[in-house]
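Enquirer: Predicted structure and sequence below. I'll ask about it afterward.
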Amino acid sequence: MSILSTLFKHSIGQKLIMGLTGLFLVTFLVVHLSGNLQLFMSDNGVAFNTYTKFMTTNPLIRVAEWILFAGFIVHIIYAIILTRQNRKARPVRYAYSNPKGSSTWFSRNMGVTGSIVFIFLAVHLYMFWGIFHWGGGEMTPVNDVQKYVYKVTDDVTAGGNTLVSAGDYLDEKMVATLQSQNVAQVKAISMYDISKKSFGNPLISLFYVIAMVLLGFHLNHGFQSAFRTLGFVHEKYTPFLTKLGTAISVLFPLVFAAMPIYLYLTQ
Amino acid sequence: MASNTSLSLTLKIWRQNGPNDKGKIVTYPISDISPEMSFLEMFDVLNDQLIKKGEDPIAFDHDCREGICGACSMMINGQAHGPHRRTTTCQLHMRSFKDGDTIYVEPWRAAAFPVVKDLVVDREAFDRILQSGGYISVNTGNAQDANEMPIANEIAENAMDAAECIGCGACVASCKNASAMLFVSAKASHLAYLPQGQPERNRRAQMMVNQMDEEGFGNCTNTGACEVQCPKGISIKNISRMNADFLRSTIASETEI
């Protein structure tokens, strides 16, 4: 208990929580990025939708989703707590402020970049997770639903029996049952269709690209700062970690931003 | 001194009559300033003029005027100790400024450094942090043989680099969060590097961080501004070292602290 109370009480412990959750969120980015690379497959979304099916049905992923959610919440709550303490530590501000030569813009504006990334996150979650879970599907031929791995959004009933339920992905048995009941179309939705539809809008694509730039700014300072807070510093590996952070902050947003751009240009 | 080399300046200086006064920036034009003068000597000239006019002179901290005591403390145009790196205010010379310049001079700004008067702030918070754990306990008696305790050269250098800290508070003043981590970590590290500092190493990290938090300093966000503004060039690697000491002693210390 004394370990936890010390962590939560002291500045370094609170920053450790920031650093650990931050690095945890970076690991999420790795998973999210590698998974989303399926978008670039020229298969009309089969690979991407199969990946979506895995992510929305695998029980381990369901648990990881909650841990991830908690990671975001803790990171944000502690950002607010620490920022409030920092404001309190300097009640009177300087009349003449000149921080440019001594620190990077990235390091001074983690709150700004983080807040914009947070707004992006809310929009992004609504546009994809929200619509995929709560949005209505469109009438889609049963064969396509199976072939392109759509998720059924409305129950299909015949003669009082439920043939498929909302949330099902069609397997061969379900398709056979539907065909035997002469059901040619079901209401269904796919993540690939949502992506194409969303990024067909140039404003949304632009918003995503801008958000990714800010994510890069946030990572550029955050990655190496987290290691410093954890107490890792050495002439040998600290320059490497700083460069790795910069590489991540360029590469990750670049590949993420390529997705809306690619989907916009290929329509 | 030829008159064409002397400087005329506009000084915008924070005046505050006491801890509870609201305080404000007051503009003072000043002329015939020699470029050879130190920044503090310019203040002496200005104060002479104010006294002759029957006004209250500007209170500012200074002691050795050699750049080693850590007493002088002025935020000059938004930079701790002025525009030059690794220079204290007393070692800053007026040749660093151009004729006609406007110069803002403000006290260190931090809740833990309350203004006493004008540019003088109370830095006793630093003393209390040192008292909490910034020392080693030694037995009295004869000094040890000099070479009885071998210390690797690079370790000794690191300890000496950390020990260069003069406790001026520029790190707190220049940090956007008013964090004292550079000072505290320098004072913890110069002992933690050396064998003499080992017995109290865990306790020291805990006590000093605890006191630092109690004084109301902000939290370090690793911007690195302190290292750049520090007149002694104390490295922020000391901060990570102290983080490691603090976390290790929190998690793995054998005694509860």
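Expert: Arrived safely.
Enquirer: Please name every helix or strand in contact with the host helix or strand of residue B:184.
Expert: Assigning secondary structure by DSSP states H and E places residue B:184 in helix B:181-192. Applying 3 or more Cβ pairs under 8 Å, 6 or more residues apart in numbering or on different chains; DSSP states H and E, one finds that helix B:181-192 makes contact with helix B:124-133, helix B:153-163, helix B:170-174, helix B:201-214, helix B:225-229, helix B:237-252. (C-beta placed from N, C-alpha, C; glycine too.)
Enquirer: residues in contact with that helix?
Expert: Residues outside helix B:181-192 that contact it (Cβ atoms under 8 Å, 6 or more residues apart in numbering or on different chains) are B:126, B:129-130, B:133-136, B:158-160, B:162-165, B:167, B:169, B:171-172, B:175, B:197-198, B:200-201, B:204-205, B:208-209, B:212, B:217, B:220, B:226-227, B:230, B:234, B:236, B:238-239, B:241-242, B:245.
Enquirer: you'd agree residue A:187 is in a helix?
Expert: No - with DSSP: H, G, I helix; E, B strand; the rest coil as the criterion, residue A:187 is strand rather than part of a helix.
Enquirer: burial count for it?
Expert: Neighbours of residue A:187 under the rule other Cβ atoms under 10 Å in any protein chain shown: 17.
Enquirer: Assess the claim that it and residue A:142 are in contact.
Expert: No - between residue A:187 and residue A:142 there is no contact under Cβ atoms under 8 Å: 11.2 Å.
Enquirer: what's the angle between the least confident helix or strand in chain A by mean pLDDT and helix B:237-252?
Expert: The least trusted helix or strand in chain A, going by mean pLDDT, DSSP states H and E, turns out to be helix A:2-9, with a mean of 80. Here helix A:2-9 points in a direction 140 degrees away from that of helix B:237-252 (axes from the mean of the first three to the mean of the last three Cα atoms, to 10 degrees).
Enquirer: which regions of chain A sit below the pLDDT cut-off?
Expert: A:1 (pLDDT under 70).
Enquirer: per-domain residue ranges of it.
Expert: A:2-91+A:106-134+A:191-265, A:138-189 (automatic domain parsing).
Enquirer: can you put the ones you listed in a markdown table and add distance to residue B:98?
Expert: Below are the domains of chain A laid out as a markdown table (distance: least, Cβ to Cβ, whole Å):
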| stretch | distance to residue B:98 |
| --- | --- |
| domain A:2-91+A:106-134+A:191-265 | 28 |
| domain A:138-189 | 67 |
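Enquirer: closest one to chain B among those?
Expert: Closest of the domains of chain A to chain B is domain A:2-91+A:106-134+A:191-265, at 2.8 Å (criterion: Cβ to the nearest Cβ).
Enquirer: Check whether that closest one comes into contact with chain B.
Expert: Yes - judged by Cβ under 8 Å from any Cβ of the partner chain, domain A:2-91+A:106-134+A:191-265 comes into contact with chain B through A:2-3, A:6-7, A:9-16, A:82, A:85-86, A:88-91, A:107-108, A:110, A:221, A:224-225, A:227-235, A:238.
Enquirer: Report the buried members of those residues.
Expert: Buried residues within these, counting neighbours by 16 or more other Cβ atoms under 10 Å in any protein chain shown: A:6-7, A:10-16, A:82, A:85-86, A:89-90, A:107-108, A:110, A:221, A:224-225, A:227-233, A:238.
Enquirer: Sort out for me which of those residues are in helices.
Expert: Judged by DSSP state H, helices contain the following of these: A:6-7, A:11-16, A:82, A:85-86, A:89, A:107-108, A:110, A:221, A:224-225, A:227-229, A:238.
Enquirer: any idea how far residue A:30 is from residue A:193?
Expert: 26 Å (Cβ to Cβ, to the nearest Å).
Enquirer: higher neighbour count, those two?
Expert: residue A:193 (19 against 11).
Enquirer: Just the residues contacting whichever strand or helix holds that one, thanks.
Expert: If you go by DSSP H and E, residue A:193 is part of helix A:191-199. Applying Cβ under 8 Å, 6+ apart, the set of residues contacting helix A:191-199 from outside is A:39, A:44-45, A:48-49, A:52, A:127-128, A:131-132, A:135, A:148, A:150, A:204-205, A:208, A:259-260, A:263-264, A:267.
Enquirer: Can I have the buried ones of those residues as a PyMOL selection?
Expert: The following PyMOL line selects those of those that are buried, judged by 16+ other Cβ under 10 Å:
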select buried, chain A and resi 39+45+48+49+52+127+128+131+132+148+150+204+205+208+259+260+263+264
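Enquirer: Helices of chain A, residue ranges please.
Expert: A:2-9, A:11-36, A:46-57, A:59-89, A:105-108, A:110-124, A:131-134, A:142-147, A:172-180, A:191-199, A:202-229, A:238-265.
Enquirer: Of the ones you listed, give the one that comes closest to residue B:112.
Expert: helix A:59-89 (6.9 Å; Cβ to Cβ).
Enquirer: relative to helix A:2-9, how tilted is that closest one?
Expert: 60 degrees.
Enquirer: Return the distance of helix A:59-89 from the chain's centre.
Expert: Relative to its chain's centre, helix A:59-89 lies at 14 Å (Cα atoms, centre = their mean, to the nearest Å).
Enquirer: got the angle for that helix vs helix A:110-124?
Expert: 150 degrees.
Enquirer: Could you give the number of residues near the residue in the stretch 1-150 of chain A that chain B sits nearest to?
Expert: Here the stretch 1-150 of chain A gets closest to chain B at one residue, residue A:98, 2.9 Å apart by Cβ to the nearest Cβ. Here the number of neighbours of residue A:98 (other Cβ under 10 Å) works out to 15.
Enquirer: can you pull the contacts of the nearest residue to it once chain neighbours are set aside?
Expert: Nearest non-adjacent residue to residue A:98, counting by Cβ to Cβ, 6 or more residues apart in numbering or on different chains: residue B:78, 2.9 Å away. Applying Cβ under 8 Å, 6+ apart, we find residue B:78 in contact with A:94, A:96-99, B:104.
Enquirer: Alongside chain A, which residues does the stretch 51-200 of chain B contribute?
Expert: Counting by Cβ under 8 Å from any Cβ, the residues of the stretch 51-200 of chain B that sit close to chain A are B:75, B:77-79, B:104, B:106, B:109-112, B:174, B:176-179.
Enquirer: Nearest to residue A:168, out of the residues you listed: which one, please.
Expert: With Cβ to Cβ as the yardstick, the closest approach to residue A:168 among those comes from residue B:177, at 52.1 Å.
Enquirer: before we move on, the earlier item: from the chain's centroid, how far away is the helix holding residue A:193?
Expert: On Cα atoms, centre = their mean, the centre of helix A:191-199 falls 16 Å from the chain's centre.
Enquirer: So which bits of that helix are buried?
Expert: In helix A:191-199, counting by 16+ other Cβ under 10 Å, buried: A:191-196, A:198-199.
Enquirer: before we move on, what about stretch A:12-32?
Expert: A:12-26.
Enquirer: likewise stretch B:239-248?
Expert: Applying 16+ other Cβ under 10 Å to stretch B:239-248 flags B:239-247 as buried.
Enquirer: ok now do residue 245, which residues does it touch?
Expert: As the question left the chain open, I've gone with chain A. Applying Cβ under 8 Å, 6+ apart, the residues contacting residue A:245 are A:219-224.
Enquirer: wrong one, chain B
Expert: A:231, B:188, B:192, B:201-202, B:204-205.
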